[in-house]
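Chemist: sequence and predicted structure are below.
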Amino acid sequence: MRVPILKGKNIVLRPLRLSDAPAFCRWFKNSEVTRFLKRYEDPPTLQEERKYIQEQNRKRDNAQWIIMTTDGAMIGTVGLTIYPVHRRAVYGIFIGDPRYWGQGLGTEAGRLAVAFAFRRLRLHRIELRVYAYNIRGMKSYKKIGFRTEGRLRDHLYRDGTYHDEIVMGILRSEFRNL
Ligand SMILES: CC(C)(COP(=O)(O)OP(=O)(O)OC[C@H]1O[C@@H](n2cnc3c(N)ncnc32)[C@H](O)[C@@H]1OP(=O)(O)O)[C@@H](O)C(=O)NCCC(=O)NCCS
């Protein structure tokens, strides 16, 4: 879908552009970043990434933004995959440049996207999955208002060992009460 620009105190969310493809390729080459992501091996080619951006922008039930700092640095992406029948969305985020981690920017981006989902799209529920070793991610999601709903034991096999995956969710009524 065509997403609007959303402005926060320290960041701005703007729609994805084809010219963002090289940044994605750079981010996906960094295993420090991809160890937290589903897209893990084989970084995409520029052509694949351009195709991915085109597809994302074309999908009606997809809302995805680029996260920019207010001084113009492009640092990552946040998005929602929407299931309109259930008024539910799956949330995903990453800041591709680790220098920007741990400064509250991911939480701010998440709050903007979640507020958009509940207030503008009138959704009922947002959910996500996070690897149990991603403590930073889980802390950020809790600050947004997500609650832990479940643990998929040994769900992921990576680097020679099994890891749990955590399911988190937030309901519209919970967001209203925050
Ligand atoms: C997950 C992510 C979006 C969070 O955004 P962020 O801007 O880094 O998070 P915030 O700074 O808003 O909050 C992080 C919290 O974790 C804490 N934290 C930071 N570094 C930490 C670390 N190494 N270990 C544990 N906690 C840490 C921070 O103190 C903060 O909690 P607090 O406010 O209670 O002190 C971002 O770190 C990221 O993109 N990481 C890599 C990719 C990724 O994990 N994507 C999500 C996949 S599910």
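Modeler: Sure thing, it's come through.
Chemist: residues contacting the residue of the chain positioned farthest from its centre?
Modeler: What lies farthest from the middle of the chain is residue 160; by Cα atoms, centre = their mean that is 26.2 Å. Neighbouring residues of residue 160 by Cβ atoms under 8 Å, 6 or more residues apart in numbering: there are none. Just so you know, the C-beta spots here come from the backbone N, C-alpha and C atoms, and that holds for glycine as well.
Chemist: what residue ranges in the protein are flagged as low confidence?
Modeler: 40, 177-178 (pLDDT under 70).
Chemist: longest helix in it, please.
Modeler: helix 46-58 (DSSP state H).
Chemist: the very next helix or strand once past it pairs with which strands?
Modeler: Following helix 46-58 in sequence order, the next helix or strand is strand 62-69 (DSSP states H and E). Sheet pairing of strand 62-69 (DSSP bridges) gives strand 11-15 (antiparallel), strand 74-83 (antiparallel).
Chemist: what would those strands look like in TSV with distance to the ligand and mean neighbour count?
Modeler: Compiled in TSV, the strands paired with strand 62-69 are given as follows (distance: least, Cβ to the nearest ligand atom, whole Å; neighbours: other Cβ atoms under 10 Å):
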stretch	distance to the ligand	mean neighbour count
strand 11-15	9	20
strand 74-83	6	20
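Chemist: for residue 96, which non-adjacent residue is closest in space?
Modeler: Spatially, and ignoring its direct neighbours in sequence, residue 96 is nearest to residue 27 (2.9 Å; Cβ to Cβ, 6 or more residues apart in numbering).
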